[in-house]
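In: sequence and predicted structure below; questions after.
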Amino acid sequence: MRRITWVKGTLKDFQGFPKPVQRQVIAALRMAAGGEKAETAKPMKGLGPGIFEIAARLRDDAFRAAYAVQIDEDIWVLHAFQKKSKTGIKTAKQDVDLIRERVKRIKEQVQ
């Protein structure tokens, strides 16, 4: 079982999610820590291998948590956000850029 590590600020954002959404995301992260992939997790395109996004819904709201499985030994939770896309199903550029920056920073720290 791998350890789940939260990038600074991400845990606080995640704690603002509704409790049912928190439970869904935690269940998916625990599966990842055990070497499995939850049905709600999918690879994030354009960010390289090992970066996944957990999608959780509650009523009409969409929530996302991005995590990395191929950095160090930990499962790194990179970003947690409520999706408010104005472009359909696409994740906002600012969220993708933030995830990309956090991946880069973590890779620099663990080397």
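Out: Received, thanks.
In: what about the protein, any weak spots by pLDDT?
Out: 85-88 (pLDDT under 70).
In: for the longest helix along the chain, which positions count as buried?
Out: Taking DSSP state H as the criterion, the chain has its longest helix at helix 93-110. Within helix 93-110, the residues that count as buried by 16 or more other Cβ atoms under 10 Å are D95, V96, L98, I99, R100, R102, V103, I106. For every residue, glycine as well, the C-beta is placed using N, CA and C.
In: dump those residues to CSV, plus distance to G16.
Out: CSV is the format used below for the buried residues of helix 93-110 (distance: Cβ to Cβ, whole Å):
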residue, distance to G16
D95, 15
V96, 20
L98, 16
I99, 18
R100, 23
R102, 18
V103, 23
I106, 22
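In: ok, now which ones touch the residue nearest the centre of the chain?
Out: What sits nearest the mean C-alpha location of the chain, by Cα atoms, centre = their mean, is A66, with 1.5 Å. A66 makes contacts with M44, I51, F52, E53, I54, V77, L78, H79, A80, I99, as judged by Cβ atoms under 8 Å, 6 or more residues apart in numbering.
In: so which of these sit within strands?
Out: I51, F52, E53, I54, V77, L78, H79, A80 (DSSP state E).
In: burial count for the fourth one?
Out: Think I54. 26 (other Cβ atoms under 10 Å).
In: for it, give its distance to Q109.
Out: Per Cβ to Cβ, to the nearest Å, I54 is found 23 Å from Q109.
In: wait, A68 touches E53, no?
Out: No - counting by Cβ atoms under 8 Å, A68 stays clear of E53, with 10.8 Å between them.
In: check contacts around D74.
Out: Contacts of D74 by Cβ under 8 Å, 6+ apart are R2, R3, I4, T5.
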